[in-house]
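1. Show me the folded form of this:
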Amino acid sequence: MSHILQATGVSALTATLSAGTYVLEHLSLKELLLDVNWSSASFIPLTEFPTPFFVRQNRKDKQKQIKVFGANGVQLYTFERLSSFNPVWTMLTYPQRKEIATISIGVSSRSVDFHNKPGLSHREIINDISLKGRFRSFYLNDGAKYSWTSGSKFLEKVINPNGGVEEIRERVAKVKLMRQFKLDFEVLVDESKIDSEIALATAFTSMLTQWGIGEITDTIGPTYIAPRQAIKDEPTTDTENKIVVVIENGQDSEISVEHIEG
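-> Residues are numbered from 1 along each chain as shown. Here you go, the predicted structure:
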């Protein structure tokens, strides 16, 4: 019975967050959704070359399966649960179905149990509310605190928390909603700073209990990430340019990417 209450409570929470965001944005009160930070911390921006992932519901089984795709449109992972009344999800590789993590998502508590990370197992994800903002926070083996922000949807590595001007918040991942009222998110991860599977597993809890899906989406596609080669080398000629086109084939669960010679 407690599992049923937790699962239905999370569904209600997601709906409430989505409706609240929708209403505030249509009343031109979007500022209330932004992160309010009264600290003197300094920020290190997210890398220009993050690794993109795309998290979206399975079109045929929206309540029990969420798919994760890479930049090339190939499915890499799934989040699955036994029924819509079960608050426990499992993160699996695809198609190997190797278990990565067990994720418990409730209204008042959230946790992730990793199964393939040496020295890293159970992690609680806590509500973290202060004058610095509203966060979902957890700790990793490096001793640092990691926090998902509410408004900007950054994952920040917090060095010397509550240290005033000596506090540093390094942005190591970012999430954005791709389509309003659909569980369809882009997740950008700096894999040199955090394991992408940790970022995805913890972001998944925030998608359901922190952000909702009511935000107005102005985007028409994924975030553009310049190739490293194009940055380091001399500018190419017009005949050497390539255009990357992301094509959605009409089914929510599939993404394809084409490279067209310019």
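2. C-alpha from now on. contacts and neighbour counts both.
-> OK.
3. Do you have the strands of the stretch 151-262 of the chain handy? List them.
-> Taking DSSP state E, counting those that start in this stretch, the strands of the stretch 151-262 of the chain run over residues 154-159, 168-177, 184-189, 242-248, 255-261.
4. Could you tell me the least trusted of these?
-> If you rank those by mean pLDDT, strand 242-248 sits at the bottom with a mean of 48.
5. how about the closest residue in space to Leu208 that isn't next to it in sequence, secondary structure?
-> Once flanking residues are discounted, Leu208 sits nearest to Thr14: 5.5 Å by Cα to Cα, 6 or more residues apart in numbering. The three-state assignment at Thr14 reads helix, by DSSP: H, G, I helix; E, B strand; the rest coil.
6. Grab the nearest non-local neighbour of Val10.
-> Val10 sits nearest to Val107 (Cα to Cα, 6+ apart), 5.4 Å away.
7. what's the distance between that neighbour and Ile66?
-> To Ile66, Val107 is 19 Å away according to Cα to Cα, to the nearest Å.
8. Who has more neighbours out of the two?
-> Ile66 (23 against 18; other Cα atoms under 10 Å).
9. Quickly note the distance from that one to Asn58.
-> Per Cα to Cα, Ile66 is found 5 Å from Asn58.
10. Ok, Leu46 next?
-> Leu46 sits at a distance of 29 Å from Asn58 (criterion: Cα to Cα).
11. likewise Val189?
-> As for Val189, its distance to Asn58 is 22 Å (criterion: Cα to Cα).
12. More neighbours: which of the two?
-> Neighbour count, other Cα under 10 Å: between Val189 and Asn58, Val189 has more, with 27 against 20.
13. Buried ones in stretch 175-193, by neighbour count?
-> 175-181, 183-191 (16 or more other Cα atoms under 10 Å).
14. Next, the residues that contact it from outside, please.
-> The contact list for stretch 175-193 (Cα atoms under 8 Å, 6 or more residues apart in numbering) reads 18, 46-47, 49-57, 153-154, 172-174, 196, 199-200, 203, 207, 213-217, 219-222.
15. on that earlier part again, contacts only, for the residue nearest to Leu208.
-> Thr14 is in contact with Leu208, Thr209, Gln210, Trp211, Gly212, Ile213, counting by Cα under 8 Å, 6+ apart.
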